[in-house]
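Undergrad: Build me a structure from this.
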Amino acid sequence: MKQLLVTFFLLLSIVPALQSNSSLPIVPKPANENTSGEQVSVEKKWSVFIPSQLNISREYLSSIFKEFGIECTAATDKKSALIVVDDHKKLSKNSEAYRLQIGSKGRITISASSENGVLYAFQSLSQIVMENGNSV
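TA: Sure thing, here's the model as predicted:
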């Protein structure tokens, strides 16, 4: 009987750990999350394209990822960038909404309704990098 109780409590303690691995390590939790389960390795130098109409501090973005050993530089066009930010006003009525897509080749696309959405997307990306190290 004692062994049965110990086994039961061990199984109960494992369930939350299994559930946490199935979702992204992002706080606050996304309204919608789709993952493929595969991981993509990321380089230590990221080129970021941000449209000029968005008022986003590139220095601030660099500071977010610097602690992970990632250097962010400004890209002059979308094709040469690892991270592409799209100003997508019709994404949602919520000004904080964003879509963060990580492609199979490591290219990252951020679509957001506003500058706030872009910043929240980068914060979410930094949480994923912090959790997974050199892969996202």
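Undergrad: Now do the helices in the chain.
TA: Secondary structure of the chain by DSSP state H: the helices cover 2-21, 58-66, 115-132.
Undergrad: Lowest average pLDDT across the ones you listed?
TA: Confidence, taken as mean pLDDT, is least for helix 2-21 of the helices of the chain (a mean of 47).
Undergrad: Was I right to think residue 64 contacts residue 121?
TA: No - using Cβ atoms under 8 Å, residue 64 is not in contact with residue 121; the gap is 11.1 Å. In this view, the C-beta of every residue, glycine as well, is placed from N, C-alpha and C.
Undergrad: More neighbours: which of the two?
TA: It is residue 121, of residue 64 and residue 121, that has more neighbours when counted by other Cβ atoms under 10 Å, with 23 against 16.
Undergrad: Distance of that one relative to residue 37?
TA: Distance of residue 121 to residue 37, given as Cβ to Cβ, to the nearest Å: 21 Å.
Undergrad: now swap in residue 29 and tell me
TA: From residue 29 over to residue 37 the distance is 18 Å, taken as Cβ to Cβ.
Undergrad: Settle it for me: which of those two has more neighbours?
TA: With other Cβ under 10 Å as the criterion, residue 29 and residue 37 differ in neighbour count, and residue 29 comes out ahead with 10 against 5.
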